[in-house]
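Chemist: Have a look; sequence and predicted model below, questions after that.
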Amino acid sequence: MNRSGWRSHLTALLTALIACVGLLSLSSLPTWAVVGTLTEFSPASLPRGITAGPDGNLWFAESNNIGRITPNGSITEFPTPTKSSGPWSITTGPDSNLWFTEEAGNQIGRITPAGSITEFPLPTNCGLSGGCEPWSITSGPDGNLWFTLFIGNSIVRLTPSGSFTGAFHTPTKTSRPYGITVGPDGNLWFTEYIGNKIGRLSMQ
């Protein structure tokens, strides 16, 4: 067999081996256990953040409303006083109300389990017509609310009475803080979307 023939033969053999390996890989994929039934429910528009409420229901943010859904799927929606304010993230606060960010409205909202909404405008708009863009919010270990300012590059503290009492700027400029949560160490941890980092804000 000449050199060209050997090359063709070798190529065919390698192709067959690769195909066999691929089939073996597919056959070794795990069989996923069926653990339940997935059901979908349809709110008015663009649902975003969701959290378990103090009333035994789920609460979620959507483009113009705050929604409440019971465990059996019954939905009630409450329009925000500021139209097109862009509710984004929502959490249960230390006062047993629901608190949410209004990304387009440049403010923080509070809704009682009965559906009464109060809005708290941010004391700054970061010098931009679109505002500082509050994104994610969480209930802190100190009894306050904490949220990220995406454009403002800050982590901000808000009391349950609606007072903004502190802003902590990220060391990396224009890092664009996004998600935030309380860590197992009792500190606040957050993501920096553009900075490509994880941040920690010490509570001690």
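Modeler: Sure, I can see it.

Chemist: Please state the backbone phi and psi of residue 46?
Modeler: phi 40, psi 60 (degrees, to the nearest 10).

Chemist: State the pLDDT value of it.
Modeler: On the pLDDT scale, residue 46 is placed at 87.

Chemist: That one against residue 60, yeah?
Modeler: No. In this structure, residue 46 is not within contact of residue 60 by Cβ atoms under 8 Å, at 10.4 Å. Quick note: C-beta positions are derived from backbone N, CA and C, even for glycine.

Chemist: Which one of those two is surrounded by more residues?
Modeler: residue 60 (22 against 12; other Cβ atoms under 10 Å).

Chemist: Who are the contact partners of the spatially closest residue to the more buried one that is not a sequence neighbour?
Modeler: Take residue 60 and drop its neighbours on the chain: the residue closest to it by Cβ to Cβ, 6 or more residues apart in numbering is residue 50, 4.1 Å away. Residue 50 makes contact with 58, 59, 60, 61, 90, according to Cβ atoms under 8 Å, 6 or more residues apart in numbering.

Chemist: For residue 17, report the pLDDT, please.
Modeler: 52.

Chemist: Ok, residue 138 next?
Modeler: For residue 138, pLDDT reads 98.

Chemist: Make residue 1 into 319 and carry on from there
Modeler: In the new numbering, first residue 319, that becomes residue 456.

Chemist: Just give me the neighbour total for it.
Modeler: Residue 456, neighbours per other Cβ under 10 Å, totals 22.

Chemist: Over to residue 383?
Modeler: Residue 383, neighbours per other Cβ under 10 Å, totals 22.

Chemist: Ok, the one 5 residues further on next?
Modeler: Applying other Cβ under 10 Å, we find 13 other residues in the vicinity of residue 388.

Chemist: dump the residue contacts of the nearest residue to it once chain neighbours are set aside.
Modeler: Once flanking residues are discounted, residue 388 sits nearest to residue 375: 5.3 Å by Cβ to Cβ, 6+ apart. With contact taken as Cβ under 8 Å, 6+ apart, residue 375 is in contact with 386, 387, 388, 389, 431.
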